[in-house]
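A.B. asks: the amino acid sequence is not available; the structure is as follows:
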């Protein structure tokens, strides 16, 4: 027997929709904060280019600006790419599980 928490209009649908809403809101927060950090890094690079590039001083600003500018890209990719890959593996596992449960439905070789 399956309890109401895992089937039908019980807790499963509510919990899964709450989980998806929490996951998407945290994803949006990460994307927004990454965008702000990237803008700060780009601004730092632009400021260095405008003020210090002709004299080649304050060179510490260049790697620090690139670090701020490019790191959010890697963070966003590390958050988004696993979410894109997970459903396929779950579908493949579900299909493999169904085939193992019903061996009689497979065509027989004579």
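C.D. replies: Cool, got the structure. These numbers come from a predicted model, not from an experiment.

A.B. asks: how about residue 55, secondary structure?
C.D. replies: coil (DSSP: H, G, I helix; E, B strand; the rest coil).

A.B. asks: what do you get for residue 59?
C.D. replies: At residue 59, secondary structure determined by three-state DSSP is coil.

A.B. asks: tell me which residues touch it, please.
C.D. replies: With contact set as C-beta atoms under 8 Å, 6 or more residues apart in numbering, residue 59 has these partners: residue 52. Heads up, the C-betas are built off the backbone N, CA and C, glycines and all.

A.B. asks: how near is it to residue 24?
C.D. replies: In this structure, residue 59 and residue 24 are 41 Å apart, going by C-beta to C-beta, to the nearest Å.

A.B. asks: give me the element residue 42 is part of.
C.D. replies: Here residue 42 sits within helix 11-51, counting by DSSP states H and E.

A.B. asks: for residue 59, give me phi and psi.
C.D. replies: phi -70, psi -10 (degrees, to the nearest 10).

A.B. asks: the helix holding residue 42 packs against which elements?
C.D. replies: On a contact count with 3 or more C-beta pairs under 8 Å, 6 or more residues apart in numbering; DSSP states H and E, helix 11-51 meets helix 61-101.

A.B. asks: quick one: average pLDDT of the helix it packs on?
C.D. replies: Helix 61-101 carries an average pLDDT of 75.

A.B. asks: what residues of stretch 58-69 count as buried?
C.D. replies: For stretch 58-69, burial by neighbour count (16 or more other C-beta atoms under 10 Å) applies to 61, 65, 68, 69.

A.B. asks: now those as JSON lines including distance to residue 43?
C.D. replies: Output for the buried residues of stretch 58-69, formatted as JSON lines (distance: C-beta to C-beta, whole Å):
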{"residue": "61", "distance to residue 43": "11"}
{"residue": "65", "distance to residue 43": "8"}
{"residue": "68", "distance to residue 43": "9"}
{"residue": "69", "distance to residue 43": "9"}
